[in-house]
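Trainee: generate coordinates for the sequence data below:
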Amino acid sequence: MTSTVMEQPLHSYHLIAQTCLLAGKIILQNGGETYRVEDTMVRIAAAYGISDAQSYVTPTGILFAMDASVPTTRLIRISERLTNLRKVTLVNEISRRISQGKLEVSEAHRLLTEIDEQPYAYPVWLQVLVAAIASGCFLVMFGGRWHDFLAAVLAGGLGFGSVVLLHRLVPVKLFAEFVASLLLGIVTILLVKSGAASNIDTVIIASVMPLVPGLHITNAVRDLMAGHLVSGLSKGVEAFLTAFAIGAGMAAALSFY
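Mentor: Okay, here's the model as predicted:
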């Protein structure tokens with residue numbers, strides 16, 4: 001691996017840029033912070049001899065430029081963002097290996113391409129099951145009665161499963177969250193009226209927790225603290241809209257109670 005830019009062939013510049021952009025895209029699409037994306041891209045470029053690379057990242061796009069001796073500027077748009085922290089961890093591991101000089105650029109690009117193409121996600125049924133059990137645990141943590149445990153499990157699993165299904169049918173996240181919270185609220189009301197649950201407040205609070213955008217709120221605060229004001233504010237607004245959709249759906253359901 002060479003240490004200066006001038007020693008590298010021209011085609012390697014483009015491969016380095018593609019590797020940096022691919023690493024940044026994977027992190028940004030799967031729940032990583034903005035400052036982590038920029039730092040990872042710059043570190044990878046520096047490890048391959050690009051000492052003055054610059055990156056500008058927002059939640060919807062990445063702009064990356066080489067130094068003055070390499071007139072290469074790339075822009076990619078991020079249209080969909082998920083939560084898959086395992087991919088973020090895998091990219092961080094590859095970035096560390098690159099910084100330690102253990103990976104050539106072609107091999108690093110191949111590994112990142114594999115990470116990008118593989119889902120690395122748990123099956124939907126397991127996600128729904130875990131969300132349901134987590135809802136029951138939240139009920140206990142919030143001081144609910146054990147009599148309501150199964151009701152919280154049922155409502156929480158149904159709500160999370162509805163979000164996943166509706167988001168596949170209608171690619172509008174806010175609509176899916178609104179309808180899912182509406183269904184969750186209606187199911188909880190029916191459970192309380194049928195006697196399967198006694199305290200509607202704790203059941204609703206516990207079952208809605210898997211839908212709360214906790215990661216988006218955390219990333220928004222961390223980006224603001226790191227000085228990325230545009231990304232921090234936009235992620236904060238996204239989290240607020242998600243919370244608003246959940247609250248609006250629950251309020252619509254409770255209006256019938």
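
Trainee: pretty sure residue 154 contacts residue 187?
Mentor: Yes. Using C-beta atoms under 8 Å, residue 154 is in contact with residue 187, at 7.1 Å. C-betas here are computed from N, CA, C, even on glycine.

Trainee: check contacts around residue 223.
Mentor: For residue 223, the contacting residues are 33-35, 231-232, 235, by C-beta atoms under 8 Å, 6 or more residues apart in numbering.

Trainee: need the max-distance pair from those.
Mentor: Greatest spatial distance in those: 35 and 235, 11.9 Å, computed using C-beta to C-beta.

Trainee: higher neighbour count, the two?
Mentor: Counted by other C-beta atoms under 10 Å, residue 35 and residue 235 do not tie: residue 235 has more neighbours, with 27 against 18.

Trainee: centre of the chain to the helix or strand that one falls within, how far?
Mentor: Using DSSP states H and E, residue 235 maps to helix 229-254. Its chain's C-alpha centre and that of helix 229-254 lie 15 Å apart, by C-alpha atoms, centre = their mean, to the nearest Å.

Trainee: how about stretch 150-168?
Mentor: The chain centroid and the centroid of stretch 150-168 are separated by 19 Å under C-alpha atoms, centre = their mean.

Trainee: for that stretch, buried residues please.
Mentor: Neighbour-count burial for stretch 150-168, with 16 or more other C-beta atoms under 10 Å as criterion, is recorded at 151-163, 166.

Trainee: with stretch 76-87 instead?
Mentor: Buried residues in stretch 76-87 (16+ other C-beta under 10 Å): 78, 81, 84, 87.

Trainee: wait, which of those is closest to residue 20?
Mentor: Checking the buried residues of stretch 76-87 against residue 20 with C-beta to C-beta, the nearest one is residue 78 at 14.8 Å.

Trainee: how many residues are close by residue 251?
Mentor: When neighbours are counted by other C-beta under 10 Å, residue 251 comes out with 12.

Trainee: helix or strand for residue 56, which one?
Mentor: Assigned by DSSP H and E, residue 56 falls within strand 54-58.

Trainee: got it, and residue 64?
Mentor: For residue 64, the host element (DSSP H and E) is strand 61-65.

Trainee: next SSE after that strand?
Mentor: Proceeding N to C from strand 61-65, the next assigned helix or strand is strand 73-77, under DSSP H and E.

Trainee: quick one: low-confidence parts of the stretch 101-250 of the chain?
Mentor: In the predicted model, the stretch 101-250 of the chain carries no residue with pLDDT under 70.

Trainee: run through the residues that contact the nearest residue to residue 249 once chain neighbours are set aside.
Mentor: Spatial nearest neighbour of residue 249, excluding adjacent residues (C-beta to C-beta, 6 or more residues apart in numbering): residue 181 at 3.2 Å. Residue 181 is in contact with 159, 208, 211, 245-250, 253, counting by C-beta under 8 Å, 6+ apart.

Trainee: for PyMOL, what selects the buried ones among those?
Mentor: A single PyMOL command selects the buried members of the contacts of residue 181 (16+ other C-beta under 10 Å):
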select buried, resi 159+208+211+245+246+249+250+253
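
Trainee: ok, which pair from the contacts of residue 181 is furthest apart?
Mentor: Using C-beta to C-beta, the contacts of residue 181 span at most 14.3 Å, a distance reached by 159 and 248.
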